[in-house]
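1. okay, structure incoming, though there's no sequence with it:
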Ligand SMILES: Cc1cc2nc3c(=O)[nH]c(=O)nc-3n(C[C@H](O)[C@H](O)[C@H](O)COP(=O)(O)OP(=O)(O)OC[C@H]3O[C@@H](n4cnc5c(N)ncnc54)[C@H](O)[C@@H]3O)c2cc1C
């Protein structure tokens with residue numbers, strides 16, 4: 001009898017131990033899942049293996065990889081010089097009107113318009129603030145073609161066309177992009193100030209498909225040995241742009257839809273960018289790359305014709321351009337943000353350039369598949385800006401005969417200026433809010449860890465009872 005009682009006590013204790021152990025395992029699995037819940041695809045674990053670029057270093061000090069300027073200097077130069085100039089520059093009439101083909105003629109798959117918010121649609125350009133020189137009759141465009149936007153008529157863009165090239169500006173196609181920028185058919189004018197790049201609610205399989213296609217396009221299963229510096233540059237530019245878009249979503253997020261309350265979403269900033277140090281590094285890299293293109297084209301940009309018919313604004317703008325491209329502080333601290341001369345040196349340089357140019361062109365074609373009008377606008381603008389930077393850096397050498405070879409279109413300069421501003425904003429936001437976002441994340445995790453610890457202690461005490 002006594003033996004049976006001891007045995008049943010033991011069985012009960014064992015059962016209790018088993019159930020506690022099972023709970024501990026469940027908790028541990030749950031905790032491990034939580035800790036590793038990045039939920040995001042890094043370049044290291046998808047089909048295109050690029051592990052060389054994801055070397056972890058959580059502190060952003062020293063030289064920006066493949067660049068000639070360190071993180072501290074970039075932050076200083078950006079906050080002291082570039083950001084204030086660029087913020088003013090992009091509000092001028094020259095830079096705020098962008099000519100773009102917004103129609104959704106995706107060459108790869110049917111558009112699936114996944115836009116959830118009205119903020120997805122592009123706003124109309126107001127007639128009276130549009131520079132006179134831009135105004136030309138509408139040419140053969142259906143005004144009621146809303147098939148690729150969620151918004152109603154009031155959310156559509158101004159269809160006024162600009163078939164007249166600005167004085168002093170070339171009508172040349174950008175070899176790095178898919179759209180023919182000299183073709184004014186189906187082009188639309190957009191006031192960028194009315195259409196800020198921010199959270200739009202564009203998410204899910206449609207958005208993922210675009211990013212997947214972009215990465216698959218430019219990083220197609222390179223084995224380790226096949227990764228050349230040029231392909232690495234292209235990957236980093238795309239990743240840096242992706243980081244910048246994510247930063248803008250995080251910095252201007254719809255916190256409360258009912259109250260239409262917009263603000264910072266630091267959790268999103270952490271999850272999508274900060275917790276992946278290589279994405280932050282690629283953002284800085286992309287910023288320096290585009291900055292190098294702008295300073296390399298300094299003479300061209302300084303001498304270009306910026307007449308928009310608003311003399312006071314135009315003079316102010318020209319002065320801002322000079323301050324940007326010939327800035328003595330910038331020249332003293334970061335004279336060569338990126339050294340493009342190191343690329344295309346191998347014997348297969350020309351073929352490689354052609355191949356990478358083709359890849360970038362395809363990436364630019366994918367922009368027509370972005371299922372949210374506003375995202376498509378900024379995607380196209382920034383890809384054109386990037387294409388312009390590539391054109392400046394890789395079509396023109398540093399010899400004295402360089403100038404005659406560089407031919408830029410007005411919209412290329414507008415895209416380049418706006419892209420640099422977007423990247424400058426992202427770098428500033430990451431620098432200013434990064435520490436706070438990381439701290440908030442650590443605190444949240446420690447609250448969670450404490451909860452789990454006390455839970456574990458409770459169960460342990462149950463076992464030993
Ligand atoms: C061209 C374009 C413009 C867009 N513009 C906007 C916009 O203005 N507003 C808006 O709200 N949404 C915009 N989106 C959608 C937005 O970028 C995201 O796709 C969406 O918010 C869903 O995010 P996600 O967390 O699923 O990850 P996504 O940002 O969609 O990323 C997809 C995958 O790519 C990888 N990845 C993420 N970031 C990087 C990086 N920096 N480098 C390398 N790999 C990375 C990750 O593995 C991730 O899972 C745009 C999308 C595209 C394609």
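-> Thanks, I have the structure now. This one's a predicted model, so the numbers in the text were calculated from it and none came from an experiment.

2. quick one: buried residues of stretch 251-261?
-> 251-254 (16 or more other C-beta atoms under 10 Å). For the C-beta atoms, the positions are set from N, CA and C on the backbone; glycine is no exception.

3. could you do stretch 417-434 as well?
-> 417-431, 433-434.

4. list the ones among those that fall in helices.
-> Within the buried residues of stretch 417-434, residues falling in helices by DSSP state H are 417-431, 433-434.

5. re earlier: in helices, which of the buried residues of stretch 251-261 appear?
-> Reading helices off the buried residues of stretch 251-261 with DSSP H, I get residue 251.

6. from the buried residues of stretch 251-261, which two are the most distant?
-> 251 and 254 (12.1 Å; C-beta to C-beta).

7. quick one, helices of the stretch 351-465 of the chain?
-> 373-395, 402-405, 410-464 (DSSP state H, counting those that start in this stretch).

8. in terms of mean pLDDT, which of those ranks lowest?
-> Mean pLDDT values for the helices of the stretch 351-465 of the chain show the minimum at helix 402-405, a mean of 52.

9. where's residue 387 relative to the ligand, distance?
-> Plainly put, residue 387 is 14 Å away from the ligand if you go by C-beta to the nearest ligand atom, to the nearest Å.

10. equivalent analysis for residue 357, please.
-> 20 Å.

11. now do the contacts for the closest residue to that residue other than its chain neighbours.
-> Spatially, and ignoring its direct neighbours in sequence, residue 357 is nearest to residue 176 (5.8 Å; C-beta to C-beta, 6 or more residues apart in numbering). Neighbouring residues of residue 176 by C-beta atoms under 8 Å, 6 or more residues apart in numbering: 357, 360-361, 364, 386-388, 390-391.

12. picking up where we left off before, filter the ones in helices among the buried residues of stretch 417-434 down to the ones near the ligand?
-> When those are checked against the ligand using C-beta under 6 Å from any ligand atom, none falls in range.

13. need the pLDDT of residue 360.
-> pLDDT at residue 360 comes out at 91.

14. ok, it touching residue 384?
-> No. In this structure residue 360 lies outside contact range of residue 384 using C-beta atoms under 8 Å: 10.9 Å.

15. give me the common contacts of the two.
-> Common neighbours of residue 360 and residue 384 (C-beta under 8 Å, 6+ apart) are residue 177.

16. between the two, which one's more packed in?
-> Neighbour totals were compared for residue 360 and residue 384, and residue 384 leads with 28 against 23 (other C-beta atoms under 10 Å).

17. which residue packs closest to the more buried one, ignoring adjacent ones?
-> Closest to residue 384 by C-beta to C-beta, 6+ apart is residue 415, at 4.0 Å.

18. got the contact list for the one you found?
-> 98, 381-382, 384-385, 388.

19. swap the cut-off to 10 Å and go again
-> When contacts are counted by C-beta atoms under 10 Å, 6 or more residues apart in numbering, residue 415 touches 95, 98-100, 174, 177, 181, 380-389, 409.

20. one more: residue 354?
-> Neighbour list for residue 354: residue 175 [criterion: C-beta under 10 Å, 6+ apart].

21. grab the nearest non-local neighbour of residue 287.
-> residue 423 (4.3 Å).

22. now do residue 411
-> Per C-beta to C-beta, 6+ apart, closest to residue 411 is residue 99, 5.1 Å.

23. for that neighbour, phi and psi?
-> phi -90, psi 120 (degrees, to the nearest 10).

24. next, count neighbours for it.
-> 19.

25. overlap of the contact sets of residue 251 and residue 254?
-> With C-beta under 10 Å, 6+ apart, residue 251 and residue 254 have common neighbours 198-199, 262-263, 265.

26. what subset of those is buried?
-> By 16+ other C-beta under 10 Å, the shared contacts of residue 251 and residue 254 give 198-199, 262, 265 as buried.

27. and these near the ligand, which?
-> Within these, those near the ligand by C-beta under 6 Å from any ligand atom are residue 199.

28. between the buried ones among the shared contacts of residue 251 and residue 254, which is nearest residue 309?
-> residue 198 (30.0 Å).

29. what's the closest residue to that closest one other than its chain neighbours in contact with, if anything?
-> Distances taken as C-beta to C-beta, 6+ apart place residue 252 nearest to residue 198, at 3.5 Å, with adjacent residues excluded. The neighbourhood of residue 252, defined by C-beta under 10 Å, 6+ apart, consists of 119, 196-199, 262-265, 425, 429.
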